[in-house]
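Asker: The amino acid sequence is not available; the structure is as follows:
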């Protein structure tokens, strides 16, 4: 049947808004069809009498259960919902007036509901006792019209289906308190003969269902006889945000230089994939190859001759960072055995029978306004999204095909559903460690430019760098497209109140600075030191309230700086500095610079930077400590920035956070003392933290070093 336009003359069309609910709960992707009622033809020309329904169109509801038929001419219409047993038996009649808005509501009447009952050892439901920790619970979904409509239910992986019992699952109670099990029920599409097979019109309607029950402490059992007593550290209970922290740890670990170097060798040198990589990173290697070859390499072009070698290195590095920087895009950065082993070492309980990735997907991530039933994001981003209810979700960027963009403005779905988790502090500490300055000196020598009257590199022969000529040529020519030191310095100040010192960044005039970040962050590290001392004492229950309050303060300061180039400059700086590390790691630089082969640096580029610092008379502090500050600082700050700390009142989450990130916190404090000489691990409760800028402390140490020389 074809659709006939009915608008005539100058009639202004109306709008028909429809909504689909079940017991007050909205259904997303629910399909409804619109029919226009026309008078029947005269007798003898048709067998029908009364009226004829002409099919117009089919539309679906959004996440709030509402949909719309726009621009309908004035007249009489029928609207049917395709998710009831017999859609054509109970159509909704609506009379459209010119320029009017008309509402149609459908209540399915399925009354989807959940029940949760304790299972006895013989798997028989027991309604006489509330569930306790360690018990198994039967969760069942029931609804009306089950003999006519069969629902599909998507349950979390922590719920195991019960054989031979439809819509029933077994769930193991691992913690006390309110248990909320979120499930998605999908109502099938019921076709009618008068509706053609239109695209997107036969989808299943989604309905969110939550099973709730209270889990109580297990009843203690009396014990008799000889009992041994041993002191242990304070016990804790698992929280869902442990999964976020584990994902951040794994993701940043795979962004490390050694993994990047292996990826580059695999891509350009034909090396095989390493079997030591976790499964998710093995899958990401394939995704990085595809992103490099299909998306970035054809687009990233340079207007210089003989620059293809540098161009492909730049595109490959961008693909590496794009794929590895997120925790929400599949394959997600979780390794079952490695994750559980790390939690065990930190004396943190595993998340029951479920894997860490399952807890992250089903318990930590939350739906957001305007999204589909299956869409989830971080709680922090969901709060930000709720503050912008008037802005829609934009599925495609402006660089997509013009026919699929859909709208000019809106919040990009990709930014909301898969944020890139990078911290600019990683670039700051590498820049303080003289990584960028080392490459700048080499680039000037490559161009035959003397740096000052007494340039230590002037008498060095650059012939060992001859195999890298084409890459260094592209690197030098592309300088105009890289971030300048001034640009990065302004953003360091905007994010963290950190600044570089030197002739190239004098007379800064920043408009917005996080001047309190250093004090707040160092104050958090000091509270963590006191917490660790209490936590190691088996006769004391460690107090995590000071840590929680300090976490909230740092989170607030970080969120205030989430503007400017927050989403783009950190990733750009990371790509550029990874390329600089890759160039320095090439064996040609081992011959160019007087490196110390017997020093066991964890990454091959580091001895080149230390050699340059020795030649130039820069700071004698090893770049190893700056690299540790970058890695540990990024991991700690990512967990603070992207966590939903502003709404946390229970110190349990801060307790778990301090235990989880103890190696990173103590590693950062030690590296900071090695670099600046300032001790952050102060145990005295009345000690004042040092809020002096690290660049100022580094200048003082350099001046002391030069006087001693």
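Answerer: Happy to help now that I have it. Please read all numbers here as calculations on a predicted model, not as lab measurements. Residues are numbered from 1 along each chain as shown.
Asker: Give me the distance between the two termini of stretch 88-105.
Answerer: 15 Å (CA to CA, to the nearest Å).
Asker: err, stretch 225-241, not the other one
Answerer: End-to-end span of stretch 225-241 (CA to CA): 41 Å.
Asker: With stretch 503-521 instead?
Answerer: Stretch 503-521: ends 28 Å apart by CA to CA.
Asker: Just the mean pLDDT for it, thanks.
Answerer: For stretch 503-521, the mean pLDDT works out to 89.
Asker: now swap in stretch 451-463 and tell me
Answerer: Per-residue scores along stretch 451-463 average to 83.
Asker: now do stretch 243-253
Answerer: 92.
Asker: residues in contact with residue 504?
Answerer: 485-486 (CB atoms under 8 Å, 6 or more residues apart in numbering). Glycine gets a C-beta too; all of them are placed from N, C-alpha and C.
Asker: do the same with residue 137
Answerer: 116-119, 131, 170-173, 179, 213.
Asker: Secondary structure class of it, three-state.
Answerer: Secondary structure for residue 137, judged by DSSP: H, G, I helix; E, B strand; the rest coil, is strand.
Asker: who's it bridged to?
Answerer: The partner list for residue 137 in beta bridges (DSSP bridges) reads residue 118, residue 171.
Asker: For the helix or strand that contains residue 699, which outside residues touch it?
Answerer: Counting by DSSP states H and E, the element that carries residue 699 is helix 694-708. With contact meaning CB under 8 Å, 6+ apart, helix 694-708 is reached by 432, 498-501, 518, 617-621, 672, 675-678.
Asker: and if you look at stretch 257-264?
Answerer: When contacts are defined by CB under 8 Å, 6+ apart, stretch 257-264 is touched by residues 253, 271, 274, 277, 281, 285, 288, 313, 316-317, 320, 324, 578, 581-582, 585, 602-605.
Asker: Now do residue 457 against residue 619, distance only.
Answerer: Note on residue 457: its distance to residue 619, by CB to CB, to the nearest Å, is 18 Å.
Asker: wait, I meant residue 635
Answerer: For residue 635 relative to residue 619 (CB to CB), the value is 24 Å.
Asker: ok so, going back, of the contacts of helix 694-708, closest to residue 598?
Answerer: Closest approach to residue 598 among the contacts of helix 694-708 (CB to CB): residue 620, at 18.0 Å.
Asker: secondary structure class for that closest one?
Answerer: For residue 620, the assignment made with three-state DSSP gives coil.
Asker: Surely it and residue 674 touch.
Answerer: No. The pair residue 620 and residue 674 fails to qualify as a contact (CB atoms under 8 Å) at a distance of 11.4 Å.
Asker: Most neighbours among the contacts of residue 137, which one is it?
Answerer: residue 171 (25 neighbours; other CB atoms under 10 Å).
Asker: Identify the residue with the minimum pLDDT among the contacts of residue 137.
Answerer: Lowest in pLDDT among those is residue 119, which has 81.
Asker: Excluding covalently adjacent residues, which one is nearest to it?
Answerer: Using CB to CB, 6 or more residues apart in numbering and skipping residues adjacent in sequence, the residue nearest residue 119 is residue 136, 4.5 Å away.
Asker: what number of residues lie near residue 146?
Answerer: 13.
Asker: Residue 601 now?
Answerer: Residues contacting residue 601 under the criterion other CB under 10 Å number 17.
Asker: I'd say it and residue 628 touch.
Answerer: No. Contact criterion CB under 8 Å: residue 601 and residue 628 do not qualify, at 11.9 Å.
Asker: Confirm that residue 185 sits in a strand.
Answerer: Yes. Per three-state DSSP, residue 185 lies within a strand segment.
Asker: Am I right that it is in contact with residue 210?
Answerer: No. With contacts counted by CB under 8 Å, residue 185 stays clear of residue 210, the gap being 10.9 Å.
Asker: Between those two, which has more neighbouring residues?
Answerer: The neighbour comparison of residue 185 against residue 210 (other CB under 10 Å) goes to residue 185, with 25 against 10.
Asker: Check that one and give its pLDDT.
Answerer: 92.
Asker: Would you check how far apart it and residue 110 are?
Answerer: Computed with CB to CB, the distance linking residue 185 and residue 110 is 9 Å.
Asker: what touches both of the two?
Answerer: Jointly contacting residue 185 and residue 110 under the rule CB under 8 Å, 6+ apart are 143, 151.
Asker: Neighbour count for residue 635 and residue 619, which is higher?
Answerer: residue 635 (24 against 19).
Asker: Now do the helix or strand that one falls within against helix 694-708, angle only.
Answerer: Residue 635 belongs to helix 623-641 when assigned by DSSP H and E. Counting by axes from the mean of the first three to the mean of the last three CA atoms, to 10 degrees, helix 623-641 lies at 170 degrees to helix 694-708.
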